[in-house]
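1. just to be clear, the model below is a prediction. Sequence and coordinates:
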Amino acid sequence: MPVTIQERIEQKTPTVASSRRAKWWQSALTFPFYLVVAVALLEGFFRIAGVGQGEFLQPDLQMGCRHIPGKVVTWRLEGYSCDRFSSDGLRDTEHSFAKPAGIYRIALLGDSATESMQVNMNETYGKVLEARLNEVLAHHQKIAGDKSINQFEVINFGCSGYSTGQEMLEYMSHVQKYNPDAVIVLFNRGDTTENCLNLKGKDSPEPRPYFYIGKSGLVETDNTVLGANADKLSPNPLLDFLRAHSRIYGVFSQTNLSLSLTDSRYRKFRAWFDRTTALLSGRPLNRTTSLHYPQQDELQVTTALVKTFANFVKKNGQTFVVLIFPNMGQHPYFAKQTTLLKCMAKTDGFNYLDLTAKFIDSKRPSDNFLLYHFSPAGHRLVAQELAGLF
């Protein structure tokens, strides 16, 4: 019996619908596969190109941030370096906690000028100082036969953005495990401001521990900003994995950092974006509470911190040294800070070394810096000055 056109359409309609449903499911199932392949290819491309390896800090509930242990970092924003952080998160080679007999250990603490991402690890003033001291030691032993010290070991605990107070906490929680014989703290101009919490004009101060002088007259720690940012600082398995292993994440992170430093329009956009996302998610715009103590004098807090820090180190039978970053611009406020520290060094009995005169008097002072940080020549000059203390 002949089949009508209408019957043929009705017979084909389920077949077409089923075909469309099958194609939709096939697309849904194959999309994750293609996405994984695309991500893998992009990661591979960035690896071949040698980019996306500049991420080296991770959030931390106690310090605000810490180094990513064991991370290989290629740094290009200022200068160049490519090195692996130690398994303990130091920008240094591996060191055991237990100090072998005959070893004289020197611990370096400071901010990015000590961390020294801008030069290769063997060019940092810590490594140059270590090599120089051991060279002199070998010569001395050949002449005098002195075997009380067999080797000098310099360990770099510097971390970008750390204040004097953070460096003191780092000493108490981390550095002491290595039992150093001497502790050298690099003091920079911004440390005084970073030590105290100043809410004026700041919606969201940088997450870090801040410090103040309590009613007892002693230095106390203010962790309110850390507490207000606990959600951002708590461990996040996915983000922690991406920071440690993803080149794609590294490219976006470094791009964000570079634009934040150089492009005012981008900074305005980020501020708007952060406010908008905070409002949509119901998070408070101001991640701090009002101060539960009077607004502090930055210099007074900083000098009290250094005094407290020096006392901790000296009680452990270790040598304490304050190293002053060169004041190349003769900044009056920085000069005031360093004058106070110099007087304190005399009264409290610790070592003080200001690099300013040596850097200004060098043949070509500009050669000692890349932009803001020491060049390899600058690191050698710092090591030369420090070697004289030992």
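-> That came in fine, so what should we check first?
2. spit out the contact partners of the residue most central in space within the chain.
-> In the chain, the residue lying closest to the centroid (CA atoms, centre = their mean) is Ser160, at 3.1 Å. Applying CB atoms under 8 Å, 6 or more residues apart in numbering, we find Ser160 in contact with 57, 65, 111-112, 115, 117. In this view, the C-beta of every residue, glycine as well, is placed from N, C-alpha and C.
3. same thing with Gln166?
-> Taking CB under 8 Å, 6+ apart as the criterion, Gln166 is in contact with 63-64, 159, 208-209.
4. thought Glu55 was touching Lys71, still the case?
-> Yes - here Lys71 lies in contact with Glu55, judged by CB atoms under 8 Å, at a distance of 7.4 Å.
5. pull up the overlap in contacts between those two.
-> Contact criterion CB under 8 Å, 6+ apart; residues shared by Lys71 and Glu55: Ala244.
6. and Ser160, what are its phi and psi?
-> Main-chain torsions, Ser160, degrees, to the nearest 10: phi -50, psi 130.
7. so how far is Lys315 from it?
-> 29 Å (CB to CB, to the nearest Å).
8. same check, this time on Val154
-> 22 Å.
9. go on, Gln141?
-> Counting by CB to CB, the separation of Gln141 from Lys315 is 31 Å.
10. between those two, point out the one with more neighbours.
-> Each of Gln141 and Lys315 has its neighbours counted (other CB atoms under 10 Å); Gln141 has more, 14 against 8.
11. domains for this structure, by residue range?
-> 1-49, 57-387 (automatic domain parsing).
12. between the ones you listed, which has the poorest average model confidence?
-> Taking the mean pLDDT of each of the domains of the chain, the lowest value is held by domain 1-49, a mean of 68.
13. what packs against the helix or strand containing Gln141?
-> Assessed by DSSP states H and E, Gln141 sits inside helix 125-144. Applying 3 or more CB pairs under 8 Å, 6 or more residues apart in numbering; DSSP states H and E, we find helix 125-144 packed against strand 103-109, strand 151-156, helix 376-387.
14. got the buried residues for the last one?
-> Read it as helix 376-387. 376-383, 385-387 (16 or more other CB atoms under 10 Å).
15. wait, which of the residues you listed is closest to Ala182?
-> When these are compared for distance to Ala182 (CB to CB), Leu386 comes out closest, at 9.8 Å.
16. now do the closest one against Ser160, distance only.
-> Leu386 is 21 Å from Ser160, where distance means CB to CB.
17. all strands for the protein, in order.
-> Applying DSSP state E to the chain gives strands spanning 57-60, 64-67, 72-75, 81-84, 103-109, 151-156, 182-187, 210-213, 219-222, 319-324, 351-354.
18. any chance of a markdown table for the helices and strands packed on helix 125-144, columns distance to Tyr266?
-> Listed next are the helices and strands packed on helix 125-144 as a markdown table, based on distance: least, CB to CB, whole Å:
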| stretch | distance to Tyr266 |
| --- | --- |
| strand 103-109 | 33 |
| strand 151-156 | 32 |
| helix 376-387 | 30 |
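19. of the ones you listed, which is nearest Val175?
-> Nearest to Val175, of the helices and strands packed on helix 125-144 and by CB to CB, is strand 103-109 at 5.0 Å.
20. show me what the closest one is packed against.
-> helix 125-144, strand 151-156, helix 164-173, strand 182-187.
21. show me what counts as buried in the longest one.
-> When you say that, I think you mean helix 125-144. Under 16+ other CB under 10 Å, the buried positions of helix 125-144 are 125-130, 132-134, 137.
22. wait, which of these is closest to Ser148?
-> Ser148 lies nearest to Leu137 out of the buried residues of helix 125-144, by CB to CB, at 10.5 Å.
23. which residues does that closest one contact?
-> So Leu137 contacts 149, 151-152 (CB under 8 Å, 6+ apart).
24. so which residues of this structure form helices?
-> Applying DSSP state H to the chain gives helices spanning 5-49, 112-115, 125-144, 164-173, 191-195, 224-228, 230-233, 237-245, 247-262, 264-281, 298-315, 332-348, 356-361, 376-387.
25. dump the last one to PDB, restricted to CA.
-> Spelled out, it's helix 376-387. The C-alpha coordinates for helix 376-387 follow below in PDB (Å, rounded to 0.1, in the frame of the first residue of the first chain):
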ATOM      1  CA  PRO A 376      75.300  41.700  41.100                       C
ATOM      2  CA  ALA A 377      77.800  44.500  41.700                       C
ATOM      3  CA  GLY A 378      75.700  45.800  44.500                       C
ATOM      4  CA  HIS A 379      75.500  42.400  46.100                       C
ATOM      5  CA  ARG A 380      79.200  42.000  46.000                       C
ATOM      6  CA  LEU A 381      79.600  45.400  47.700                       C
ATOM      7  CA  VAL A 382      77.200  44.400  50.500                       C
ATOM      8  CA  ALA A 383      79.000  41.100  51.000                       C
ATOM      9  CA  GLN A 384      82.400  42.900  51.100                       C
ATOM     10  CA  GLU A 385      81.000  45.200  53.900                       C
ATOM     11  CA  LEU A 386      79.500  42.400  55.900                       C
ATOM     12  CA  ALA A 387      82.600  40.300  55.600                       C
END
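26. could you say what helices and strands it packs with?
-> helix 125-144, strand 319-324, helix 356-361.
27. and the ones you listed as CSV, adding distance to Val183?
-> Below are the helices and strands packed on helix 376-387 laid out as CSV (distance: least, CB to CB, whole Å):
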stretch, distance to Val183
helix 125-144, 13
strand 319-324, 6
helix 356-361, 21
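28. please name whichever of the ones you listed is nearest to Pro235.
-> helix 125-144 (29.6 Å).
29. distance from the chain centre to the closest one, please.
-> 29 Å (CA atoms, centre = their mean, to the nearest Å).
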